[in-house]
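In: what follows is a predicted structure for the sequence shown.
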Amino acid sequence: MAIKILVIEDEERIGRLVAAYLAREGFSVDVMDDGERALDYLGTHAPDLIILDLMLPRVSGEEICRYVRAQGETPIIMLTAKADEDAKVLGLELGADDYVTKPFSPRELTARVKSLLRRTHRLGLEPFQSADGSLVIDWEKHRVWLRDAAVNLTPTEFKLLAILAKSPGRAFSRQELADRIFGLEYDGYEDSIYVHVKNLRQKLEAHSSERRIATVYGIGYRWEDEVNGSV
């Protein structure tokens with residue numbers, strides 16, 4: 001069965017263009033031109049990935065992003081205005097996995113779709129368990145448990161956690177994390193790591209008072225496999 005992608009874009013020309021490029025790659029694509037129709041669609045359909053414009057009639061992209069994240073972990077690529085840094089940060093904080101700025105290249109967007117889908121379909125691997133047994137990552141089910149509590153993560157947060165936790169004590173720079181997660185060197189990825197780390201920390205610390213992701217000042221971040229209390 002073909003991977004289903006939902007494009008939510010109110011500019012008809014852009015929606016048609018994106019759909020055409022994705023269809024050439026073998027994806028099944030549906031296009032919605034306003035937020036209310038998109039919410040109705042999501043009430044009865046479960047796409048494998050969503051491309052979401054922020055500026056939509058009737059229901060905003062931010063509201064749709066909140067709705068999708070409340071339902072689960074469907075990967076989201078958000079479309080933003082080129083110079084609107086606040087919109088990018090807001091999108092990431094709401095749980096978007098990636099963003100593309102307008103105007104954009106359909107080929108670049110297609111490459112990012114493929115990269116994000118590769119990150120979210122890791123099958124056939126044995127679950128990972130940290131040395132102290134407190135963290136379990138199940139690749140096939142795309143599930144995470146911290147001290148026996150399930151932690152719901154976006155695909156990007158899931159990948160970020162896996163990179164850090166599999167190399168406890170090692171300091172990763174933001175650029176290295178961006179390169180490993182996104183796989184493609186586009187401007188802005190390094191800055192977005194800060195937002196993803198912030199979101200990941202909040203979710204982990206909701207289940208434990210321990211700060212497992214430590215800031216390495218002047219470098220980036222590292223995973224603390226065994227900690228005593230908050231840091």
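Out: That came through, no problem.

In: alpha carbons only for contacts and neighbour counts from here, please
Out: Noted.

In: tell me where this structure has helices.
Out: Secondary structure of the chain (DSSP state H): helices located at 12-24, 35-42, 61-71, 85-94, 106-119, 155-165, 174-182, 189-205.

In: quick check: domain ranges of this protein?
Out: The record's domain parsing of the chain by automatic domain parsing lists 4-119, 128-223.

In: those: lowest mean pLDDT?
Out: For the domains of the chain, mean pLDDT drops lowest on domain 128-223, to a mean of 84.

In: quick one: end-to-end distance for that domain.
Out: 14 Å (Cα to Cα, to the nearest Å).

In: next one: stretch 140-152
Out: 14 Å.

In: mind listing what's buried along that stretch?
Out: By 16 or more other Cα atoms under 10 Å, the buried positions in stretch 140-152 come out as 142, 144-146, 151-152.

In: now for these: which two are most distant?
Out: His142 and Leu146 (13.7 Å; Cα to Cα).

In: ok, the spatially most central residue of the chain - contacts?
Out: Closest to where the C-alpha atoms of the chain average out (Cα atoms, centre = their mean) is Asp97, at 2.2 Å. Residues near Asp97 by Cα atoms under 8 Å, 6 or more residues apart in numbering: 75-78, 154-157.

In: among the residues you listed, who's most crowded?
Out: The residue in the contacts of Asp97 with the most neighbours, by other Cα atoms under 10 Å, is Ile76 (28 neighbours).

In: doesn't Leu54 make contact with that residue?
Out: No. Judged on Cα atoms under 8 Å, Ile76 makes no contact with Leu54 at a distance of 11.7 Å.

In: winner for burial among the helices of the chain?
Out: helix 155-165 (a mean of 21; mean count of other Cα atoms under 10 Å).

In: that one to helix 174-182, inter-axis angle?
Out: With axes from the mean of the first three to the mean of the last three Cα atoms, to 10 degrees defining the directions, helix 155-165 sits at 120 degrees from helix 174-182.

In: cheers, nothing more for now.
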